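# Next come a sequence and a model predicted from it.
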Amino acid sequence: MSAEVASPAAPPAGADTRARKLVETFFRVRELGIVGALALLVAVTAILEPRFIELESLRDLLRNASLFAIMAVGQTLVLVTRNVDLSVSSVLALSAFLAGDLLSTSGTPVALVFVLAIGLGAACGLLNGILVTFGRVPALVVTLGTLYAFRGLAFLWTDGRQINAETLPDSYLDIGTGTILGVPALAVIALVVVLVVGYYLRSYRSGRELYAIGSNTLAARLAGIRIDLRVCTAFVISGGLAGLAGALFTARYGTVDATAGTGYELSVIAAAVVGGVAITGGVGSVYGAAIGAVLMGCITSSLIFLKIDAFWQQAAIGALLLVAIAFDRFVGLRLDAALRQRSARRAA
Amino acid sequence: MTAQAATLDRAAAPGTPIIELRDATKSYGAVRALRDGTISLRAGEVRALLGENGAGKSTMVKLLGGVARLDDGVMLVDGEPVDFHSPTAANAAGIAVIYQEPTLFPDLSVAENVVMGRHPLGAMRRIDRRRMDREVQDLLDRLGVKLDAERPVRGLSIADQQIVEIAKALSFDARVLIMDEPTAALSGPEVERLFGVVRTLRDRGAAVLFISHRLEEIFAICDTVTIMRDGAVVDDTRTADVTTDDLVRRMVGRELDALFPKEAATIGPPVLRVHRLTREGVFTDVSFEVRAGEIVALAGLVGAGRSEVARAIFGIDRADGGHVEVNGRRLPAGRPTAAMRAGVGFVPEDRRHQGLVMDLSVARNATLTRTRALARGGFIRGAAEKALAGDWATKLQLKYHRLDDAVSTLSGGNQQKVVLAKWLATDPRVLIVDEPTRGIDVGTKAEVHRLLSTLAGQGVAILMISSELPEVLGMADRVLVMHEGRLTGAFAREEADEERIMRAATGQIEEATA
């Protein structure tokens, strides 16, 4: 018997390469879409209100967006595994208060403050992860619960106290307001986080496995992936990054009480979704999520610059979210159809 | 054997058993899925595993693939007893299972699907993407298929997805390849390509277990055949020593008549008329009619568009063109309630997700279509519900503990009876049944068949979608065949045979005669 494999109906060479190009174009379109929207928004606002593109207001915009970008990166890890972390805003409050408390009541070194704030966040994330994986409770339910529970803890712990900027060392507040080579320090920190996590997701087995889990859990199990461990890790990182955002929140605003960051969780998820992270798992990058955070921050601040009613800010963000999802769905369906057609044409 | 010297890593000499099962048993709850599982897969040999649905084939596959564990009996790999506690353990021993529906990651590239969990690493344990893409591309090229390792799996045909699965198996040096109905959804040339790949693997010293319902395929590719019936292995022979008839007889082990108690019914006027029904990209220009008392089977391969036609008739999906008439009255498109009111019943393909509300009680499920009639002033009366359900339970010989129990506690066959009861309670004039006996044990299967036959006798027009040819041939007055969204064949009961149906189902169009 011949060992050569017959390949009947050999397809025209390059049919698959074209399919690959198609997908690449899709993602380029996807990310270009957000960047384009961002550029359009900045341009229009700048024409209507030139002060918008003054250096200091752009820096302010970046500072605000940085906190969301950091949390959106963590959220992306969780979303990619087809889970969700709603508790991030309460984790932020706990860590923010911890950082403020340590700095104002004792002379804890700044580096240690960061480590402790991140550690507290990671511990909260670990609790979420354990409940989701070993407790077999849907992430939506677990983190909705911990969203309230952690916020409640924050209220118990602060006991009505508020931390003010006067009690914090200047070196710490400088992190929130200072710049490095003209770029806000917060934005530099966020950029480092985005690049490190982005590199991890692309180049390490455990990072790729997060995508595999969200893309097809059954197949992931058959491939021998330790799903529980990976999902838990995603929650721990998400919590840790929320903790980092908490420490930075204190540095940025100087004023912290138990209500810090209330409602941030939905903005964070929205930023990731606008940035192309699929809520159904398996798809999305931290770069997209970070750009999404910047776009959302940009909308908020441009609406303020244009003196538009706060009510419209919410409506505008909602509309953006719907447009982003509709766009994704539309292009995604077209892509699916195009890929299928290629395969069908080849089979024919 | 003229097989080439084995070149596969870790390959054993031709003829030595790589993996064996001896006297394996496996039960799921009270159901004995496997009683006497004895099989041995040898290097350089393609073995067929043959049996009806529910004969215990998939249980055997699950045991070999490490998805399920033995209750009793032994499993040997290279003569050493083993106990696979996970699919990964089976993989490590060189055993790969390729399922009918490939389990892949649609969002990731072909290369990544192949190496997931075993990515080649470079410095600092980083993934070496270049090497990954190159190695997988080499593997695909060696299999003789044109497939780009870097494209995403999303959009690949089932045939190509299976090739990806095979590449995955080869990438961890699998010596045993178990293929569970790999050809069910493939076209002719795709089957040929798959067989080419399988022959190559066999010649390199791999052991292959091939499961298929298509007997001609078994003769085309398999050296030996294991036949199962009712959870036990009943025969183990060389394919060269048997004929198709032998295989069928040993597989069924009983007269076909008992399994398909088709009564002759008086055929009345047309009740359901489907006129040029089209749903873009799914099916095109489908026209047929079903008469009172007639059972019309809709045959074809998986994915031919049969279920989609049924869904469009019932109004779940909206058709883009054409229309449906019941008793001469046009049904409004896309409105299941209107179809129900006109006397159409629909037993869907997937009873767990589409046919039943698994957490609700038996009684509630069985009366779900009759809630309006059972309600007084908007409230459903529990007593009336139970009375009606109890009534049907007796008529259909339903085996249940209490009517209050969740329907998920019933066996597959009895669940299907509940779905049937639900629709029979509406006194339908047209009943559409999609794969009515899938995953049901042989005994209950015969009962379902008897029931359909009786209904036809009472003048109900029945449209039955089925992928099981014996069922189609045994039950239908007329057989329609679909291929890629079009009707490609229509045969009267006496003209229909396996070959003709399969020819039409694979797109080799014959003159329609009925």
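Okay, I see it.

# Please, where are all the helices along the stretch 201-348 of chain A?
A:205-215, A:217-222, A:227-253, A:264-274, A:286-305, A:310-347 (DSSP state H, counting those that start in this stretch).

# out of those helices, which comes closest to residue B:97?
helix A:217-222 (8.4 Å; C-beta to C-beta). C-betas here are computed from N, CA, C, even on glycine.

# what about the closest one, average pLDDT?
In this model, helix A:217-222 has an average pLDDT of 88.

# Can you check the pLDDT for residue 198?
Going with chain A. 94.

# that's the wrong chain, I wanted chain B
At residue B:198 the predicted local confidence, pLDDT, stands at 90.

# how near is it to residue B:45?
Distance, residue B:198 to residue B:45, using C-beta to C-beta, to the nearest Å: 11 Å.

# between these two, what contacts are shared?
Common contacts of residue B:198 and residue B:45 (C-beta atoms under 8 Å, 6 or more residues apart in numbering or on different chains): residue B:208.

# Please name the nearest non-neighbouring residue to the closest residue to chain B within the stretch 201-348 of chain A.
Going by C-beta to the nearest C-beta, chain B is nearest to residue A:339 of the stretch 201-348 of chain A, at 2.5 Å. Sequence neighbours aside, residue B:155 is the residue nearest to residue A:339 in space, at 2.5 Å (criterion: C-beta to C-beta, 6 or more residues apart in numbering or on different chains).

# my guess is the one you found contacts residue A:333, does it?
No: using C-beta atoms under 8 Å, residue B:155 is not in contact with residue A:333; the gap is 11.8 Å.

# Where does the stretch 51-200 of chain A get nearest to chain B, which residue?
Counting by C-beta to the nearest C-beta, the stretch 51-200 of chain A gets nearest to chain B through residue A:199 (8.9 Å).

# Might you report the residue contacts of the closest residue to residue B:181 other than its chain neighbours?
Spatial nearest neighbour of residue B:181, excluding adjacent residues (C-beta to C-beta, 6+ apart): residue B:100 at 4.4 Å. When the contact criterion is C-beta under 8 Å, 6+ apart, the partners of residue B:100 are B:180-182, B:184-185.

# Please identify which helix or strand holds the residue nearest the centre of chain A.
Taking C-alpha atoms, centre = their mean, the centroid of chain A lies closest to residue A:72, which sits 1.3 Å from it. Element membership of residue A:72, judged by DSSP states H and E, is helix A:55-80.

# Sketch out the low-pLDDT regions of the chain for me.
Answering for chain A, as no chain was given. Low-confidence segments of chain A (pLDDT under 70): A:1-31, A:340-348.

# try again with chain B
Along chain B, segments meeting pLDDT under 70 span B:1-14, B:29-31, B:52-54, B:252-259, B:439, B:441-443, B:508-514.

# Can you get me a residue count around the one residue in it that gets nearest to chain A?
Proximity of chain B to chain A (C-beta to the nearest C-beta) peaks at residue B:155, 2.5 Å away. Neighbour count for residue B:155, taken as other C-beta atoms under 10 Å in any protein chain shown: 21.

# Residue B:475 is in contact with residue B:295, correct?
Yes: assessed by C-beta under 8 Å, residue B:295 is found in contact with residue B:475 at 5.6 Å.

# Look at the residue of the stretch 51-200 of chain A closest to chain B and give its secondary structure.
At residue A:199 the chain is in helix, as set by DSSP: H, G, I helix; E, B strand; the rest coil.

# how close does it get to residue B:126?
9 Å.

# and if you look at residue B:265?
Applying C-beta to C-beta, the value for residue B:265 to residue B:126 is 70 Å.

# ok, now residue A:88?
Residue A:88 sits 29 Å away from residue B:126, going by C-beta to C-beta.

# So between those two, which is more surrounded?
residue A:88 (35 against 15).

# tell me the SS of the residue nearest to residue B:181?
Quick answer, by three-state DSSP: residue B:100 is coil.

# For it, give its distance to residue B:185.
7 Å.

# what about residue 260, how many neighbours?
Because you didn't say which chain, this covers chain A. Neighbour count of residue A:260, defined by other C-beta under 10 Å: 26.

# The chain in question should be chain B.
Using other C-beta under 10 Å: residue B:260 sits among 20 other residues.

# what's around the residue nearest to it when sequence neighbours are not counted, how many residues?
What sits nearest to residue B:260 in space, not counting adjacent residues and going by C-beta to C-beta, 6+ apart, is residue B:474, at 2.8 Å. Applying other C-beta under 10 Å, we find 19 other residues in the vicinity of residue B:474.

# Please apply the same query to residue A:312.
Residue A:312: 12 surrounding residues under other C-beta under 10 Å.

# which residues does it contact?
Residue A:312 neighbours (C-beta under 8 Å, 6+ apart): residue A:303.

# Buried ones in stretch B:109-123, by neighbour count?
For stretch B:109-123, a neighbour-count test (16 or more other C-beta atoms under 10 Å in any protein chain shown) marks B:109-117, B:119-120 as buried.

# In terms of distance to residue A:131, which of the residues you listed ranks first?
Once C-beta to C-beta is applied, the member of the buried residues of stretch B:109-123 that ends up nearest residue A:131 is residue B:117, at 25.6 Å.

# isn't the residue nearest to the centre of chain A right next to residue A:275, touching?
Yes: using C-beta under 8 Å, residue A:72 makes contact with residue A:275 at a distance of 7.0 Å.

# Now do the shared contacts for the two.
Both residue A:72 and residue A:275 are contacted by A:289-290, A:292-293, under the criterion C-beta under 8 Å, 6+ apart.

# Residue numbers of the stretch 201-350 of chain B in contact with chain A?
Residues of the stretch 201-350 of chain B lying close to chain A by C-beta under 8 Å from any C-beta of the partner chain are B:203-204.

# and residue B:371, how many neighbours?
Residue B:371 has 11 neighbouring residues, counting by other C-beta under 10 Å.

# what's the neighbour count on residue 41?
I'll assume chain A. Using other C-beta under 10 Å, residue A:41 has 18 other residues around it.

# The chain in question should be chain B.
25.

# Please name the nearest non-neighbouring residue to it.
residue B:207 is the one closest to residue B:41 (C-beta to C-beta, 6+ apart), at 4.0 Å.

# could you list every residue that touches that neighbour?
With contact set as C-beta under 8 Å, 6+ apart, residue B:207 has these partners: B:18-19, B:41-45, B:47, B:175-177.

# May I have the phi/psi pair for it?
Here is the backbone geometry of residue B:207 (degrees, to the nearest 10): phi -100, psi 130.

# Quickly note the distance from it to residue B:15.
From residue B:207 across to residue B:15, the span is 10 Å (C-beta to C-beta).

# re the thing from before, determine the residues that are contacts of both of residue B:295 and residue B:475.
Common neighbours of residue B:295 and residue B:475, using C-beta under 8 Å, 6+ apart, are B:262, B:452-453, B:464.

# okay but residue B:397 is in contact with residue B:446, surely?
No: using C-beta under 8 Å, residue B:397 makes no contact with residue B:446, being 11.5 Å away.

# More neighbours: those two, which one.
residue B:446 (17 against 11).
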